Structures are given as structure tokens and as C-alpha cells.
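sequence first, predicted coordinates after that:
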Amino acid sequence: MGASAQMPGPEAVGGAILQLVDAEEPPLRVFFGEEPSQWLPAVYQQRLETWAEWAHVSKAAEGK
């Protein structure tokens, strides 16, 4: 299977991995390719909204 806009090729991924390895403070997580950065903010926004909606349950677990 060849590289596409959705799936980076091995040459590009290799260079990206080397940048991570050489970084003074590399991130704990990273995505390769442009596609995840397009849909991920909406996923996390939904998670933030769910956590906010259920914050009272979280507080109750602390006895508050």
C-alpha cells in the first residue's frame, strides 16, 4: 500500500521520529499525519463537556 494524504509514508515518519528522539523535551504523545489534527479537537471538546457535566460525581467521590 502506498502513502496517501491520510497515511504518511515511511520516509516522512522516520524523519518525524528522529525529531522526537532528538528533542530536549519530547511530547508524551504525538500523531503522525494531518488527519488526526482535523478531527481530534472535536473529540476532546466532547470529552471536556462530558467531564464538566459529571463533575458533581467526581466531587462526590471526594466526599464533597
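Happy to help now that I have it.

shaky segments in this protein?
The chain contains residues with pLDDT under 70 at 1-8.

domain-wise, how is it divided?
Domain assignment of the chain by automatic domain parsing yields the ranges 1-32, 34-64.

reformat those domains as CSV; add mean neighbour count.
Every residue, glycine included, has its C-beta placed from N, CA and C. Converted to CSV, the domains of the chain look like this (neighbours: other C-beta atoms under 10 Å):
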stretch, mean neighbour count
domain 1-32, 10
domain 34-64, 10
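
which helix is the longest one in the protein?
With secondary structure taken from DSSP state H, the chain has its longest helix at helix 35-53.

pull the CA atoms of that one into CSV?
The C-alpha trace of helix 35-53 is given here as CSV (Å, rounded to 0.1, in the frame of the first residue of the first chain):
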residue,chain,number,x,y,z
GLU,A,35,-5.9,13.8,9.6
PRO,A,36,-5.9,13.4,13.4
SER,A,37,-5.4,17.1,13.9
GLN,A,38,-8.6,17.7,11.9
TRP,A,39,-11.0,15.5,13.9
LEU,A,40,-9.3,15.3,17.3
PRO,A,41,-10.3,18.7,18.7
ALA,A,42,-14.0,17.8,18.3
VAL,A,43,-13.4,14.5,20.2
TYR,A,44,-11.7,16.2,23.1
GLN,A,45,-14.3,19.0,23.2
GLN,A,46,-16.9,16.3,23.6
ARG,A,47,-14.9,14.7,26.4
LEU,A,48,-14.4,18.1,28.2
GLU,A,49,-18.1,18.7,28.0
THR,A,50,-18.9,15.2,29.4
TRP,A,51,-16.4,15.6,32.3
ALA,A,52,-17.9,19.0,33.1
GLU,A,53,-21.4,17.6,33.1
